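Student: structure, please.
(2 chains)
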Amino acid sequence: MSATSPAIAQTRFEPRLMRRKLSGTVFLGLCLAAIGVLLIALLMLLVDVFGRGWPWLDGAFLTGAPSRRPAAAGILPALVGSLEIGLIVGALTFPIGVAAAIYLQEYARDDLVNRLLRTNISNLAGVPSIIYGIFGLALFVRALSLGYTLLAGALTLVLLILPIVILASMEALRAVPDSLREGAYALGATRWQMVSGTVLPAAAPGIMTGIILAMARAIGETAPLILVGAVTFVTFLPNPVDGGYTVLPIQVFQWASRPQADFQGIAAATIIVILLVMVVLNALALFVRVRLSRHIQW
Amino acid sequence: MNAPSTATPMRDAPAPETPRDDRAGGRPSVQVAVSHSAEGAASGGRETAIELQGVSCYYGSFCAVRDVGLTVARREVTALIGPSGCGKSTLLRTLNRMNDLVPSFRMEGRIMFDGQDLYGPRVDPVEVRRRVGMVFQKPNPFPKSIYDNVAFGARINGYRGDMHGLVERSLRRAALWNEVKDKLSQSGLSLSGGQQQRLCIARAIATEPEVILMDEPASALDPRATLQIEELMRELSREYTIVVVTHNMQQAARASDRTVFMTMDEDRAGYVVEAGETAGIFTNPRHQLTEDYVSGRFG
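Tutor: Numbers count the residues shown, from 1 in each chain, chains lettered A, B, ... in the order given. Now for the predicted structure:
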């Protein structure tokens, strides 16, 4: 406390600027280290997968069917299976999930029943996926007699990701300020005009993000599908309501569990395809987000 | 609903039979509406737009406003002033039934609007809110284009006329047209605070209301934007009935024709102390509480 001006020296503050700045620097370093760990892990995964799988990835691999000989094997049935499942899951999850979220956030009163409902949806989002598989087996495959079909698998995945979609959509709706709701009401809007005209457009980008993330989860799921009939060796294109089917992650699981190096290679090639599907999906999400939020400049 | 593409504001229609105070010619002196008398004072020769009779407001068991009797004159600016928490906003929000959205809210008494009971069994609050517009404390334009902000209210109410004309007319009346005419497709949120508030006024005008309620419309704005809003209030009062809540006594003095002074009793229930000509309230208050408040001694 000597070099500073007398006025400062006489105060009872102890600025300890060096120390305060140092703690900031240390925290920044910790954050960077955390990102570094993540990046290194991701990089190792990518290098390993691309190193093993890239040589196997060609047109024949994408358009062929699985085979006992790795050199002749392809993933078309699994790829089509994944896309069909993704399509069905998306088409069902979007309306059901968003409608449920709108009800819970914009219509339901804040009473005990609805609070219980919300808590339970949060809990459902944390239930292990294998349990959804067991439930799907009992409900769709057996009780509704859908059999071991792709449709039963898709419906199981719908149940699996609905809680995630509902929670994410509710979060997006909650983030819309009440002043917008009041503004719409004050102009003579009915509740539905208020929701559809102001709240939903404002929440749309957030809702879309939640749905895309949930879709990525559904496309990457393996465990519940094994229970509802996804089989590992399918050489034909799946019919949603009849016969066996498989999806990309199950194909990976099956090939990766074999000892031969060549099967490891085509498993890695399949992982690359899954990653590409994810990249396309995320790019789509970004595109939709940007388009939806053209007018939303907070 | 209006006839298609009519540009004639409905307020040009002859006034419906409303209670009138017929002391024509008599220069109105300061009128006093003592709270428990339940009868507001109408000034001579003025048409009554809204009349509150024994209005009390409750949130659950808490009484926020007690036994207010008041008249609001047509095509005038009526200012509600008073200390924080005295129920000004609650009272304002009874006039367009915004309080109905609060589950615990309950109102006693009657509010007559154009001779019709605003809370009557056959009155739909949604229709009330088209006829009684509202501007909020914090500018709240929708995250839409400037054009869509203004057109929103007209669209949801089934406006069948010339939408471009309506948008331009509303923006002109809100003194915003010249600033935004070249960027109608930009977001309403890209405007400055004062412009956003005028956009909200244009939005309220576009549903062709008879009354515009303003809840501290300038408290979030800088002094220059505040003056613009006040000028706009004066200008709009030639066509619309305006009720404005304000914390700013100079604002009430500058921009209003009549002032209603509210405060709260020991139970924190708000009531009207005094109502009358703005000049009278500020220069010659009848009540000690009013004098203390307008001279800055409390509140």
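Student: ok so A:Met278 is a helix residue?
Tutor: Yes - counting by DSSP: H, G, I helix; E, B strand; the rest coil, A:Met278 is located in a helix.
Student: give the contact list for the spatially most central residue of chain A.
Tutor: Residue closest to the mean C-alpha point of chain A, counted by Cα atoms, centre = their mean, is A:Leu213 at 2.5 Å. Residues near A:Leu213 by Cβ atoms under 8 Å, 6 or more residues apart in numbering or on different chains: A:164, A:168. Heads up, the C-betas are built off the backbone N, CA and C, glycines and all.
Student: quickly find the element holding it.
Tutor: helix A:200-220 (DSSP states H and E).
Student: quick one: the strands in the stretch 101-250 of chain B?
Tutor: B:105-113, B:116-117, B:132-135, B:211-215, B:241-245 (DSSP state E, counting those that start in this stretch).
Student: got the ones you listed as a markdown table, with mean neighbour count columns?
Tutor: Formatted as a markdown table, the strands of the stretch 101-250 of chain B follow (neighbours: other Cβ atoms under 10 Å in any protein chain shown):
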| stretch | mean neighbour count |
| --- | --- |
| strand B:105-113 | 18 |
| strand B:116-117 | 13 |
| strand B:132-135 | 26 |
| strand B:211-215 | 25 |
| strand B:241-245 | 26 |
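Student: of all those, which one is nearest chain A?
Tutor: strand B:132-135 (3.9 Å; Cβ to the nearest Cβ).
Student: what's that closest one in contact with?
Tutor: So strand B:132-135 is contacted by A:186-187, B:95-96, B:98, B:113, B:197, B:200-201, B:204-205, B:207, B:209-215, B:217 (Cβ under 8 Å, 6+ apart).
Student: on that earlier part again, off-centre distance for the helix holding A:Leu213?
Tutor: 7 Å (Cα atoms, centre = their mean, to the nearest Å).
Student: cool, stretch A:181-199 as well?
Tutor: Per Cα atoms, centre = their mean, the centroid offset for stretch A:181-199 relative to its chain is 31 Å.
Student: does that stretch reach chain B?
Tutor: Yes - Stretch A:181-199 is in contact with chain B by Cβ under 8 Å from any Cβ of the partner chain, via A:182-190, A:193, A:197-198.
Student: residues of that stretch that come out buried?
Tutor: A:181-189, A:193-195, A:197-199 (16 or more other Cβ atoms under 10 Å in any protein chain shown).
Student: thinking again about what came up before, what about the strands of the stretch 101-250 of chain B, which gets the closest to B:Ser187?
Tutor: B:Ser187 sits nearest to strand B:132-135 of all those, at 19.2 Å, using Cβ to Cβ.
Student: quick check: A:Phe135 touching A:Val158?
Tutor: No - taking contacts as Cβ atoms under 8 Å, A:Phe135 lies outside contact range of A:Val158: 11.8 Å.
Student: okay, these two: which has more neighbours?
Tutor: A:Val158 (24 against 17; other Cβ atoms under 10 Å in any protein chain shown).
Student: from what I can see that one touches A:Val89, true?
Tutor: Yes - the criterion here is Cβ under 8 Å, and A:Val158 meets it with A:Val89 at 5.5 Å.
Student: need the three-state assignment for B:Arg297.
Tutor: On the basis of three-state DSSP, B:Arg297 is classed as coil.
Student: distance check, it against B:Glu291.
Tutor: B:Arg297 is 8 Å from B:Glu291, where distance means Cβ to Cβ, to the nearest Å.
Student: give me the more crowded residue out of those two.
Tutor: Each of B:Arg297 and B:Glu291 has its neighbours counted (other Cβ under 10 Å); B:Glu291 has more, 16 against 10.
Student: wait, is that one part of a helix?
Tutor: Yes - counting by three-state DSSP, B:Glu291 falls inside a helix.
Student: just the pLDDT for it.
Tutor: Looking at B:Glu291, its pLDDT is 90.
Student: which non-adjacent residue is nearest it?
Tutor: B:Pro285 (4.4 Å; Cβ to Cβ, 6 or more residues apart in numbering or on different chains).
Student: isn't that neighbour right next to B:Ala279, touching?
Tutor: No - with contact defined as Cβ under 8 Å, B:Pro285 does not reach B:Ala279; the gap is 10.9 Å.
Student: who's more crowded, those two?
Tutor: B:Pro285 (22 against 14).
Student: for that one, give me its contacts.
Tutor: Counting by Cβ under 8 Å, 6+ apart, B:Pro285 has contacts B:30, B:261, B:274, B:291, B:294.
Student: contacts for stretch A:103-118?
Tutor: Against stretch A:103-118 from outside (Cβ under 8 Å, 6+ apart): A:121, A:166, A:169-170, A:173-174, A:191, A:195, A:199, B:103.
Student: and B:Val65, how far from B:Leu227?
Tutor: Counting by Cβ to Cβ, the gap from B:Val65 to B:Leu227 is 30 Å.
Student: the more surrounded of the two?
Tutor: Between B:Val65 and B:Leu227, counted using other Cβ under 10 Å, the more crowded position is B:Val65 (27 against 16).
Student: get me the contact residues on chain B for chain A.
Tutor: Going by Cβ under 8 Å from any Cβ, the residues of chain B near chain A are B:96, B:98, B:101, B:103, B:126-130, B:133-134, B:136, B:138, B:140-145, B:148, B:152-153, B:156-157, B:187, B:189-190, B:200, B:203-204, B:207.
Student: what about the helices in the stretch 51-200 of chain B?
Tutor: Taking DSSP state H, counting those that start in this stretch to define them, one finds helices in the stretch 51-200 of chain B at B:88-94, B:125-131, B:146-156, B:163-173, B:177-180, B:193-205.
Student: now these in TSV, with mean pLDDT and mean neighbour count?
Tutor: Formatted as TSV, these follow (pLDDT from 0 to 100; neighbours: other Cβ atoms under 10 Å in any protein chain shown):
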stretch	mean pLDDT	mean neighbour count
helix B:88-94	95	23
helix B:125-131	93	19
helix B:146-156	95	24
helix B:163-173	95	18
helix B:177-180	94	16
helix B:193-205	95	25
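Student: reformat those helices as TSV; add distance to A:Arg115.
Tutor: Shown next, in TSV, are these (distance: least, Cβ to Cβ, whole Å):
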stretch	distance to A:Arg115
helix B:88-94	27
helix B:125-131	27
helix B:146-156	31
helix B:163-173	42
helix B:177-180	44
helix B:193-205	34
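Student: now for those, which one comes closest to B:Asp222?
Tutor: Taking the helices of the stretch 51-200 of chain B one by one with Cβ to Cβ, helix B:193-205 is closest: 7.1 Å.
Student: contacts for the closest one next, please.
Tutor: A:183, A:186-187, B:133-136, B:139-141, B:146, B:149-150, B:152-153, B:170-171, B:173-176, B:179-180, B:188-189, B:191, B:212, B:217-218, B:220-222, B:224-226, B:228-229, B:232, B:236, B:240.
Student: and with 7 Å instead?
Tutor: Residues outside helix B:193-205 that contact it (Cβ atoms under 7 Å, 6 or more residues apart in numbering or on different chains) are A:187, B:133-136, B:139-141, B:146, B:149-150, B:152-153, B:170-171, B:173-176, B:179, B:188, B:191, B:212, B:217, B:220-221, B:225, B:228-229, B:232.
Student: could you give the angle of that helix to strand B:211-215?
Tutor: Interaxial angle, helix B:193-205 versus strand B:211-215 (axes from the mean of the first three to the mean of the last three Cα atoms, to 10 degrees): 150 degrees.
Student: chain center to helix B:193-205, what's the gap?
Tutor: Per Cα atoms, centre = their mean, the centroid offset for helix B:193-205 relative to its chain is 15 Å.
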